[in-house]
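Asks: compute the structure for the input listed below.
(one chain, ligands or ions: 1)
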Amino acid sequence: MSTRTSKVSVSSATRVASKTASKGASSINTKTVPDDEKDAAYYVTPEFIYGGPFIPVKKPSPFIDSITPMNVPLQGTFTRSFAYISLKDKLPIIITQVIDDLSKKGGGPDVQQFLEKVTKMKNDLMTNKDYDLFTIDTPEGEKWNTWIENLVNKKYYNNTWLFTECYVYRRLYEGCELADSLKSYDYFAEKKKQSFHGNLKPMCRAAEKVVTMLSVSDKDKRKADFMTLLKLALWANKCDLSFSVGAEVTLGGTEDEEDEDAPPPPPPPPPPPPAKGKRKSTEPPKPIKVSSEPFQMILDLKDKLLVDDSGKIADQIVTKAENKQAAIDGNTVFKQKCSCHRLAKSFGVPICEEEAPPPPPPPPEGATEEAAAEPEIPKIPCPAKMTIPHHVMFDIVCDNAGYELFADLCFATFLLEQKIVQMVRFHVKKMPWFVSDVTMADFKYVIEAAGTASFSCTVPGPPGPEGNVEMQTITADNLNSLGKQWSSYLDGGEFVVMDEDYWTYPHPYCEMKKYDYNMYRKLQYTVGILFKGDLNYRKLLAGRNVNPYSGLEPNLQGFIPAPIIAVRTVKSEMICGLSKGKFDVLNKQDPNWMRSGDYGVIQYCPKAEPLKSMTQTCSTCTYQKPFIAVTFTKRSLTIFFGALN
Ligand SMILES: O=P(O)(O)OC[C@@]1(O)O[C@H](CO)[C@@H](O)[C@@H]1O
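Replies: Take a look at the predicted model:
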């Protein structure tokens with residue numbers, strides 16, 4: 001009989017053994033418990049029954065019948081948590097949808113291999129196995145394997161929900177990386193396209209109003225519009241396909257959707273006089289009619305906005321942008337020479353002073369190797385020493401494509417057209433992510449589709465002075481003009497779209513410096529970073545179930561590259577910044593209120609870590625280093641430059 005050793009606590013094994021022994025004792029050989037309790041194998045080796053099955057040995061379960069305890073990371077072992085539900089019910093369905101779609105698509109042996117790997121991953125998830133390592137041979141794949149090997153808990157439910165979910169979406173994409181015929185395949189593309197076309201009506205209606213907010217306006221109107229467009233971007237976050245498990249989400253599909261095409265209902269009768277005494281705060285909220293007209297929705301949902309820092313954000317971002325512009329105007333020279341400048345100068349190599357010149361011409365035909373190895377050194381300002389950017393910029397860490405990206409683009413357009421900033425940087429994903437997160441391809445698709453969409457419908461216009469309502473025709477004209485404006489921003493550089501690896505890492509943002517210091521530094525140049533959506537919120541709070549009444553800043557745990565703006569509808573069981581008692585009231589009204597996406601927050605942390613000159617040379621200067629090392633091939637110099645790495 002093979003003996004299996006396993007880390008099972010003796011006490012529980014004893015319980016198991018005695019329970020086993022008591023059950024049908026006559027049919028099994030009742031060995032006495034060995035004197036030597038070190039023989040743990042005894043407790044886990046199933047008793048062999050002649051002609052009968054092995055008796056299953058129940059290991060102590062990692063699952064706890066509880067919600068996530070305070071300050072503990074959300075994870076699947078708490079069976080009353082949404083993390084558990086998401087891993088048990090949502091993620092397997094999303095994986096199955098990918099498998100089904102690809103099976104229908106068909107393909108050669110590489111697609112079959114993809115399906116086998118993804119099916120195994122789905123089964124491993126459902127049976128709480130250990131993560132498999134990545135097999136792609138890339139630096140980023142190696143990083144993932146290092147992270148997995150360093151984990152204490154390598155099981156899907158036992159590790160944090162954040163890591164497991166990111167791991168699953170990253171493994172899905174590995175399947176494509178390993179399949180030649182799936183190299184640039186996006187298994188969520190159709191759903192994301194549908195999330196655009198399925199929301200044409202709210203986009204066209206929103207565009208009607210957005211275009212009236214773009215001409216430079218007085219401070220009060222500018223502030224009001226700033227706040228409104230931030231709320232438009234907030235409620236757009238309801239359109240999230242990982243939350244809906246791939247089901248199409250059209251705006252306004254919330255609570256009791258009001259059919260706004262019907263003439264508005266007559267005004268409600270005056271409310272009855274308040275009952276004597278205090279209204280019980282735990283009465284379930286009365287169902288509200290939510291218009292699918294985006295700007296009316298903002299008004300309808302005002303009580304669902306649990307934290308609203310939009311006014312403070314509007315004031316401070318404008319002020320910070322003005323201060324940044326003053327610093328740029330006043331910055332005439334680099335304050336310090338970068339070490340590579342000094343070294344280059346001392347070896348007679350031109351130092352990098354201006355903007356990067358055009359790439360050097362290709363070496364002439366038949367050029368000798370030495371000549372080919374000596375291109376003109378590009379003169380690039382050394383980012384390591386830059387503490388003042390070239391432009392006043394604002395960053396948006398995007399979430400979902402489709403309607404949510406439309407709303408984010410509207411907000412960015414407002415910032416540019418109101419001359420608050422000169423550039424908006426969008427951070428998107430390098431691969432299909434959480435079903436509807438924006439990739440570079442999605443970004444370009446939405447801009448192109450907005451510029452060419454056609455749409456027309458009639459809706460009730462605003463009530464006239466006598467309360468009469470005229471029907472009005474909504475078309476895609478304003479959406480088209482916005483789309484064309486966005487396209488020119490992309491060409492002109494006002495819109496910069498970046499898809500660095502970092503945004504598909506599984507780590508909380510408080511660890512950004514550890515995993516991508518350059519990314520942290522890049523973010524320090526901006527006047528504000530808008531983090532969209534629930535997943536970003538989970539990363540900002542390190543995936544923990546924090547005290548709902550604690551402030552945003554302490555929960556960022558030092559992640560303050562620039563002022564942080566967190567805009568998210570509540571789709572996971574973590575939140576901070578609530579007013580006193582609010583969390584308890586909401587829980588009493590509906591214990592599952594954090595799983596609905598019906599509530600939202602607009603939170604702000606104004607702190608920013610000062611941008612200092614780096615002590616070592618930057619990645620740009622590293623680019624020059626190999627060249628200088630090749631130019632001065634003396635062994636001592638190569639070692640010397642090597643030491644600078
Ligand atoms: O970041 P988003 O798109 O706002 O929301 C993503 C998300 O809430 O959807 C899922 C809900 O199950 C979670 O995995 C994840 O946090």
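Asks: does the ligand sit close to the host helix or strand of Lys117?
Replies: Per DSSP states H and E: Lys117 is located in helix 109-126. No: legend: contact between helix 109-126 and the ligand by CB under 6 Å from any ligand atom is lacking; minimum distance shown is 13.3 Å. Yep, even glycine has a C-beta here, placed from its N, CA and C like the rest.
Asks: list the buried residues of stretch 135-145.
Replies: 136, 141, 144 (16 or more other CB atoms under 10 Å).
Asks: show me what contacts Trp593?
Replies: When contacts are counted by CB atoms under 8 Å, 6 or more residues apart in numbering, Trp593 touches 570, 586-587, 599.
Asks: helix, strand or coil for the residue in the stretch 51-200 of the chain positioned nearest to the ligand?
Replies: Nearest residue of the stretch 51-200 of the chain to the ligand (CB to the nearest ligand atom) works out as Ser86 at 4.2 Å. For Ser86, the assignment made with DSSP: H, G, I helix; E, B strand; the rest coil gives helix.
Asks: please report phi then psi for the nearest residue to it once chain neighbours are set aside.
Replies: Distance criterion CB to CB, 6 or more residues apart in numbering; nearest residue to Ser86, sequence neighbours excluded, is Trp161 at 6.9 Å. When read as degrees, to the nearest 10, the backbone of Trp161 gives phi -60, psi -40.
Asks: measure Trp161 to Asp110 for me?
Replies: Between Trp161 and Asp110 the computed distance is 31 Å (CB to CB, to the nearest Å).
Asks: output the below-cut-off pLDDT ranges for this protein.
Replies: The model of the chain has pLDDT under 70 over residues 1-57, 241, 252-288, 332-360, 367-385, 615-645.
Asks: what residues does it put near the ligand?
Replies: Counting by CB under 6 Å from any ligand atom, the residues of the chain that sit close to the ligand are 86, 90, 165, 237, 240, 242-243, 399-400, 434, 533-535, 538, 568, 571-572.
Asks: what about those, which are in helices?
Replies: 165, 533-535, 538 (DSSP state H).
Asks: so what's the residue nearest to Ser86 up against?
Replies: 73-76, 83, 86-87, 543, 572.
Asks: just Asn468 next, same as before
Replies: Asn468 touches nothing, counting by CB under 8 Å, 6+ apart.
Asks: cool, and the one 3 residues further on?
Replies: Counting by CB under 8 Å, 6+ apart, Met471 makes contact with 458-461.
Asks: which of those count as buried?
Replies: Val459.
Asks: switch the contacts of Met471 over to a markdown table; also include secondary structure.
Replies: Below are these laid out as a markdown table (three-state DSSP):
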| residue | secondary structure |
| --- | --- |
| Thr458 | strand |
| Val459 | strand |
| Pro460 | strand |
| Gly461 | coil |
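Asks: for the helix or strand harbouring Leu172, the distance to its chain's centre please.
Replies: Element membership for Leu172 (DSSP H and E) is helix 161-177. Distance of helix 161-177 from its chain centroid, counting by CA atoms, centre = their mean, to the nearest Å, is 14 Å.
Asks: so which of the buried residues of stretch 135-145 are in helices?
Replies: Per DSSP H, the subset of the buried residues of stretch 135-145 in helices is 141, 144.
Asks: could you dump the buried residues of stretch 135-145 into JSON lines with distance to Lys183 added?
Replies: Shown next, in JSON lines, are the buried residues of stretch 135-145 (distance: CB to CB, whole Å):
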{"residue": "Ile136", "distance to Lys183": "12"}
{"residue": "Gly141", "distance to Lys183": "15"}
{"residue": "Trp144", "distance to Lys183": "19"}
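Asks: mind listing the strands for the stretch 451-600 of the chain?
Replies: 456-460, 471-475, 495-498, 529-532, 564-569, 600-605 (DSSP state E, counting those that start in this stretch).
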